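Engineer: my questions concern the predicted model and sequence given below.
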Amino acid sequence: MSVLSRRDFLALSTSAAVVGLAAPARAAMGPNDKYDLVIRGGEVLDPSQLLRARRDIGIRWGVIETVQEAIPAERALKSIDASGKLVMPGLIDLHSHVYPYGSAIGIPADELVQFQATTTVVSAGDAGVNNLAALRRFIVAQTRARMYAFVHIANNGLSAFPAAELYNIDVAQTEACAMALAENADFLLGVKVRMSENVIYKHGLEPLKRGIQACEMCGWPAKMMVHIGGVESKELMSQILDLLRPGDVLTHAYSGAPNMSNVFTNIVQEGKLLPAALAAKQRGVMFDVGHGGGSFDFTVAEIAIPGGCTPDTISSDIHVFSGNSPGIPFLPNVMSKFMTLGFTLEQVVAMATAAPAKIINRAPKIGTLQVGAPGDVAIMELVEGPVSFVDTRNNKRDGKAQLKPIQTVINGVPFGRPYQAPFSVR
């Protein structure tokens, strides 16, 4: 009898575990087998499939098994009646703050689900190298919503908030950040840096340069997420845009926040779109909304968008402070604001599902209702009628419709209490 080495044994046991987890998810259904959950009667809206039609969705073992015109009632163990509602992929929030206890602004991701219909969230720089392991082990590990992250270039992340994390540039350690990226490539998406003057003081491009260097050292194509709003100078804003690479994410793209001298230094200056912003958009930089409590201005968006800088993704920048701000930056509400700006329902749903799924390299696994995808579903109501929206600078716009969450399903399990474990692992 041959003797297996420890390495051989671990390789074989890992392979067996993967087969054991994956095999049942796509096992063929017999004529008498039942779906664990059927969502019936809703108007399915799935931009990833260019689908908008009345359909039933059958979910089995946490995976979407079928999307068809009608599923017989007797084939369902449990059902949700979605008649008169919109049924879409679970929303993906590309910019959120979901590290409770690790920063002063984090909200538990699962507490956001009923308000946001988010089945996947991205922690936007809450953790740096020094507290990344705790985010992964103690927060992600016990959260039902899927969670990914951008690691902050500052070692301490946002743990000192509201104290600025990059006044001391020595806390931005490139090699340590690159090592964290290399060791967590399955969980991390790249590096976050906040480039506002009140965060980086007089360090100019240096924090961004260090972040890009960490991305390029780590051994895989990590992205930058760059926060703007109140940049030190008009010239620095253009220089930031010029440094961004295709695939990098410009968040708070439509911020109207001034710098510390009360000068407006963002992508729209003196009523005109910066040429560097359009050039960045044209070479493939992703423009993300990142509404938050102080980072979305209708008057900026109304110049930038017709000028060619349309949003690629709609995100909330939700945290304990922004969630209580007048702009109400819960993701469905932010999506509704962009319908008021002229985008179609299909477009805003795509910008909160299929588009962020591609940016985080998880398409077509999430952000879709395709057969074989995880059973992540958002059931919404499109409430039609006069509605007023406010941005983060107290500009108001009137709209004609608003999205409101009704029910969210994660991994095939309706989200709510009492807690039920998901059928499948991440």
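Structural biologist: Great, that's in hand.
Engineer: pLDDT weak spots in the stretch 301-426 of the chain?
Structural biologist: Where the stretch 301-426 of the chain drops to pLDDT under 70, the residues are 417-426.
Engineer: which parts of it are helices?
Structural biologist: For the stretch 301-426 of the chain, helices defined by DSSP state H, counting those that start in this stretch occupy the ranges 331-340, 345-350, 354-359.
Engineer: mind giving me the packing neighbours of the longest one?
Structural biologist: Using 3 or more Cβ pairs under 8 Å, 6 or more residues apart in numbering; DSSP states H and E as the contact test, the elements touching helix 331-340 are strand 91-96, helix 345-350, strand 377-390, strand 396-410. Where you see a C-beta, it was placed from the backbone N, CA and C, and this is true even at glycine.
Engineer: among these, which is nearest residue 197?
Structural biologist: Nearest to residue 197 among the helices and strands packed on helix 331-340 is strand 91-96 (20.2 Å), distances taken as Cβ to Cβ.
Engineer: what's the first helix or strand after that closest one?
Structural biologist: Using DSSP states H and E, the helix or strand that directly follows strand 91-96 along the chain is helix 109-116.
Engineer: tell me what that following helix is packed against?
Structural biologist: Contact here means 3+ Cβ pairs under 8 Å, 6+ apart; on that basis helix 109-116 packs against strand 91-96, strand 118-124, strand 396-410.
Engineer: ok, 10 Å please
Structural biologist: Contact here means 3 or more Cβ pairs under 10 Å, 6 or more residues apart in numbering; DSSP states H and E; on that basis helix 109-116 packs against strand 91-96, strand 118-124, strand 146-152, helix 331-340, strand 396-410.
Engineer: partner strands of the longest one and their direction?
Structural biologist: Read that as strand 396-410. Here strand 396-410 has these sheet partners by DSSP bridges: strand 377-390 (antiparallel), strand 413-414 (antiparallel).
Engineer: would TSV of those strands with distance to residue 176 and mean neighbour count be doable?
Structural biologist: Output for the strands paired with strand 396-410, formatted as TSV (distance: least, Cβ to Cβ, whole Å; neighbours: other Cβ atoms under 10 Å):
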stretch	distance to residue 176	mean neighbour count
strand 377-390	38	17
strand 413-414	38	18
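Engineer: could I get those strands as TSV with distance to residue 208?
Structural biologist: Listed next are those as TSV, based on distance: least, Cβ to Cβ, whole Å:
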stretch	distance to residue 208
strand 377-390	31
strand 413-414	41
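Engineer: quick revisit: between the helices and strands packed on helix 331-340, which gets nearest to residue 165?
Structural biologist: Closest approach to residue 165 among these (Cβ to Cβ): strand 91-96, 16.7 Å.
Engineer: what is the mean pLDDT for that closest one?
Structural biologist: Averaged over strand 91-96, pLDDT sits at 98.
Engineer: same check on stretch 147-166?
Structural biologist: Mean predicted lDDT for stretch 147-166 stands at 95.
Engineer: now that stretch, how far from the chain's geometric center?
Structural biologist: 17 Å (Cα atoms, centre = their mean, to the nearest Å).
Engineer: before we move on, the earlier item: out of the strands paired with strand 396-410, flag the one nearest residue 160.
Structural biologist: Closest to residue 160 of the strands paired with strand 396-410 is strand 377-390 (Cβ to Cβ; 30.0 Å).
Engineer: dump that closest one to CSV, restricted to CA.
Structural biologist: Taking Å, rounded to 0.1, in the frame of the first residue of the first chain, the C-alpha atoms of strand 377-390 are listed here in CSV:
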residue,chain,number,x,y,z
VAL,A,377,-33.4,37.7,-5.6
ALA,A,378,-34.7,41.2,-4.9
ILE,A,379,-38.5,41.7,-5.0
MET,A,380,-39.4,45.4,-5.4
GLU,A,381,-42.4,47.6,-5.9
LEU,A,382,-42.2,50.4,-8.4
VAL,A,383,-44.4,53.0,-6.8
GLU,A,384,-45.5,55.5,-9.4
GLY,A,385,-46.6,59.0,-8.5
PRO,A,386,-45.0,62.3,-7.6
VAL,A,387,-42.0,62.1,-5.4
SER,A,388,-39.3,64.6,-4.4
PHE,A,389,-35.6,63.7,-4.0
VAL,A,390,-32.9,65.7,-2.4
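Engineer: CSV for the helices and strands packed on helix 109-116, including mean neighbour count and distance to residue 184?
Structural biologist: Shown next, in CSV, are those (neighbours: other Cβ atoms under 10 Å; distance: least, Cβ to Cβ, whole Å):
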stretch, mean neighbour count, distance to residue 184
strand 91-96, 31, 18
strand 118-124, 30, 12
strand 146-152, 26, 8
helix 331-340, 24, 25
strand 396-410, 18, 23
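Engineer: could the ones you listed be laid out in TSV, adding distance to residue 248?
Structural biologist: Compiled in TSV, those are given as follows (distance: least, Cβ to Cβ, whole Å):
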stretch	distance to residue 248
strand 91-96	13
strand 118-124	14
strand 146-152	11
helix 331-340	21
strand 396-410	29
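Engineer: CA atoms only for stretch 143-161, dumped as CSV, please.
Structural biologist: The C-alpha trace of stretch 143-161 is given here as CSV (Å, rounded to 0.1, in the frame of the first residue of the first chain):
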residue,chain,number,x,y,z
THR,A,143,-22.7,37.5,7.5
ARG,A,144,-25.4,36.0,5.3
ALA,A,145,-24.9,38.6,2.6
ARG,A,146,-21.9,38.0,0.4
MET,A,147,-19.1,40.4,1.2
TYR,A,148,-16.0,41.5,-0.6
ALA,A,149,-13.7,44.4,0.1
PHE,A,150,-11.2,47.0,-1.0
VAL,A,151,-8.4,47.2,1.5
HIS,A,152,-7.4,50.7,2.5
ILE,A,153,-3.9,51.9,1.6
ALA,A,154,-3.7,53.3,5.2
ASN,A,155,-2.8,50.4,7.5
ASN,A,156,-5.5,51.3,10.0
GLY,A,157,-8.3,51.7,7.4
LEU,A,158,-11.2,53.8,8.8
SER,A,159,-10.8,52.7,12.4
ALA,A,160,-9.9,56.2,13.5
PHE,A,161,-12.8,57.9,11.8
